[in-house]
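A.B. asks: Okay, here's the prediction I keep looking at, along with the sequence it came from:
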Amino acid sequence: LTHLLSTDGLPRDVITQILDTASSFLEISDRDVKKVPLLRGKSVFNLFFENSTRTRTTFEIAAKRLSADVINLDVSRSSTAKGETLLDTIDNLVAMHADMFVVRHASSGAPYLITEHLHRVGRTDVHVVNAGDGRHAHPTQGLLDMYTIRHYKKDFSPLTVAIVGDILHSRVARSDIHALTTLGTGEIRAVGPQTLLPSAVESMGVRVCHDLADGLRDADVVIMLRLQNERMNGALLPSAGEYFRCYGLTPAMLALARPDAIVMHPGPMNRGVEIDSGVADGAQAVILPQVTFGIAVRMAVMSILAGN
Ligand code: CP
């Protein structure tokens, strides 16, 4: 593995290797071993052209735990504001001896543009991790979601996983669906209004449910997604109250899922829009453990890319 751009096409054995490696990192952090030297002498550049709390911070923590030097480019103060192109920025950071780029960008495909450029200029030794590109993919979120599901449920084959909300604009949903399919998940459901479900979702082998109750019934795993207003380009949005009445996950709706169902959310949550606080803070929520697992999964991805 040279780059991690998507979970689409990522072989099952590679996903399993990443999850197993993350597991070993989590074990050593439980034994209070905070740092390992696997990326000593390497420079990891965090390039976040779009806002982030969890992904940027956990990539930084992960890289530091691998003993890498971490450089967070402050995009708002960078020369991007003076018109420097993405690829010129990359060339300059490569000239500063970057070994790995962690890239978040509002444009779908931006990390692909970077990898193609690096190959064109003969820098196949520099690795790229997609930290979320437009509505296309968020592979490390997909992988940490798989880690979370495996942690709580062990085997994917008997599971029913309901992904609920704005699937149309969600790079997380796409990355989850590809990884869940590769791992042999029993049933994957996409639950939401017609206007927020991509037409291609059925061809991905996913069962579509427009009714929340139908989508939740007997589910083992419920993955909630927020309305991604920033990607809706002025489309007519449902009001928060209207959306919550139809698709908000309340304790009463969650009771339709299996009693031992887990509730996940990639964050950020909009309480009272897609999820009620009674669920977000309830016993079935594993939303904060997802964040913790994200550190180990990102350590695993970076150390495998670096050839460890
Ligand atoms: N899940 C996720 O991508 O969160 P951030 O936008 O805070 O990184």
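C.D. replies: All right, it came through fine. Numbering: from 1, shown residues only.

A.B. asks: Domain map for the chain?
C.D. replies: The chain breaks down by automatic domain parsing into domains covering 12-138+291-305, 139-289.

A.B. asks: can you give me the end-to-end distance of the last one?
C.D. replies: From its first residue to its last, domain 139-289 covers 18 Å (C-alpha to C-alpha, to the nearest Å).

A.B. asks: what would the domains of the chain look like in TSV with mean neighbour count and distance to the ligand?
C.D. replies: (Each C-beta comes from the backbone N, C-alpha and C, glycine too.) TSV is the format used below for those (neighbours: other C-beta atoms under 10 Å; distance: least, C-beta to the nearest ligand atom, whole Å):
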stretch	mean neighbour count	distance to the ligand
domain 12-138+291-305	18	3
domain 139-289	19	4
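
A.B. asks: now for those, which one comes closest to residue 2?
C.D. replies: Comparing the domains of the chain against residue 2 with C-beta to C-beta, the closest turns out to be domain 12-138+291-305 (6.2 Å).

A.B. asks: Tell me if I'm right that residue 240 and residue 271 touch.
C.D. replies: No: the pair residue 240 and residue 271 fails to qualify as a contact (C-beta atoms under 8 Å) at a distance of 10.2 Å.

A.B. asks: hang on, the earlier thing: tell me which of the domains of the chain approaches residue 1 most closely.
C.D. replies: Distances from residue 1 to each of the domains of the chain were compared by C-beta to C-beta, and the smallest falls on domain 12-138+291-305, at 5.8 Å.

A.B. asks: For this protein, which segments count as strands?
C.D. replies: Counting by DSSP state E, one finds strands in the chain at the ranges 43-48, 69-73, 100-105, 127-133, 160-164, 187-191, 207-209, 221-224, 262-264.

A.B. asks: what pairs with the fifth one, and is each one parallel or antiparallel?
C.D. replies: Translated: strand 160-164. strand 187-191 (parallel), strand 221-224 (parallel) (DSSP bridges).

A.B. asks: Out of those, the one nearest residue 52 is which?
C.D. replies: With C-beta to C-beta, the closest approach to residue 52 among those belongs to strand 221-224: 18.7 Å.

A.B. asks: contacting residues for the closest residue to residue 211 other than its chain neighbours?
C.D. replies: With sequence-adjacent residues excluded and distances taken as C-beta to C-beta, 6 or more residues apart in numbering, residue 211 is closest to residue 191, at 8.0 Å. By C-beta atoms under 8 Å, 6 or more residues apart in numbering, the residues touching residue 191 are 162-165, 208-212, 214-216, 247.

A.B. asks: Save these as TSV, and put in distance to residue 2 and pLDDT too.
C.D. replies: Supplementary listing: these in TSV, determined by distance: C-beta to C-beta, whole Å; pLDDT from 0 to 100:
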residue	distance to residue 2	pLDDT
162	34	98
163	29	98
164	34	98
165	33	97
208	35	97
209	38	97
210	41	96
211	43	98
212	41	98
214	42	98
215	38	98
216	40	98
247	39	97
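
A.B. asks: what's the closest of those to residue 254?
C.D. replies: If you rank the contacts of residue 191 by distance to residue 254 using C-beta to C-beta, residue 216 comes first, at 7.0 Å.

A.B. asks: For the stretch 101-250 of the chain, just list every one of the helices.
C.D. replies: Assigned by DSSP state H, counting those that start in this stretch, the stretch 101-250 of the chain shows helices spanning 110-120, 139-153, 171-182, 212-216, 240-247.

A.B. asks: State the distance from the residue of the chain positioned farthest from its centre to residue 255.
C.D. replies: For the chain, the largest distance from the centre (C-alpha atoms, centre = their mean) belongs to residue 82, which lies 30.4 Å off. If you measure residue 82 against residue 255 using C-beta to C-beta, to the nearest Å, the figure is 55 Å.

A.B. asks: swap in residue 21?
C.D. replies: Taken as C-beta to C-beta, the span from residue 21 to residue 255 is 37 Å.

A.B. asks: which residues does the nearest residue to residue 207 once chain neighbours are set aside contact?
C.D. replies: By the measure of C-beta to C-beta, 6+ apart, the closest residue to residue 207 outside its immediate chain neighbours is residue 189, 4.8 Å from it. Counting by C-beta under 8 Å, 6+ apart, residue 189 touches 160-163, 206-209, 215, 219.

A.B. asks: which residues does the residue nearest to residue 211 bridge with?
C.D. replies: Each beta-bridge partner of residue 191 is listed here, defined by DSSP bridges: residue 164, residue 209.
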